[in-house]
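S.K.: I would like to see how this sequence folds:
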Amino acid sequence: QVKLVESGGGLVQAGGSLRLSCAASGLTFGRFAMGWFRQAPGKEREFAAAISRTGGTTRYADSVKGQFTISRDNAKNTVYLQMNSLRPEDTGVYYCAAASRDSVSITRHECDYWGQGTQVTVSS
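M.R.: Predicted structure coming up:
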């Protein structure tokens, strides 16, 4: 079956960095656009970043533009999210997701598969 497993979350001070990874199995990774979404306590899950099948196109939420970088390695079936200059408002559970539609405009409703999430906590 399809599995997406996130890792790399943790506790970091404001201004610090984290790199999240999402390892995929059970699917032809290169045929899926990939996205990162996040959910803060008491809030809805929101889009953070997406990357096309080949990695040639990316899109970011305005709130993370210039701060986060999404990338993928199709040979390793892995997508990454480099997060720099972290702020307390970046705290939440971060989920990776796979979408069969090859578009960086994917919404959470269009994603076919989800990981279990990894907690990111940024202290002030």
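
S.K.: for the closest residue to residue 39 other than its chain neighbours, grab phi and psi.
M.R.: Counting by C-beta to C-beta, 6 or more residues apart in numbering, residue 39 lies nearest to residue 45, which is 4.2 Å off, once chain neighbours are set aside. In short, each C-beta sits where N, CA and C put it, glycine included. Per-residue torsions, residue 45: phi -70, psi 130 (degrees, to the nearest 10).

S.K.: just checking, residue 45 touches residue 37?
M.R.: Yes - contact criterion C-beta atoms under 8 Å: residue 45 and residue 37 qualify, at 5.1 Å.

S.K.: so between these two, which is more surrounded?
M.R.: residue 37 (25 against 17; other C-beta atoms under 10 Å).

S.K.: can you pull the pLDDT of the more buried one?
M.R.: On pLDDT, residue 37 comes in at 98.

S.K.: can you name the residues in contact with the helix or strand where residue 35 lies?
M.R.: Counting by DSSP states H and E, the element that carries residue 35 is strand 33-39. If you take C-beta atoms under 8 Å, 6 or more residues apart in numbering as the criterion, strand 33-39 is touched by 20, 22, 24, 45-53, 68, 70, 72, 79, 81, 90, 92-104, 106, 108, 111, 117, 120.
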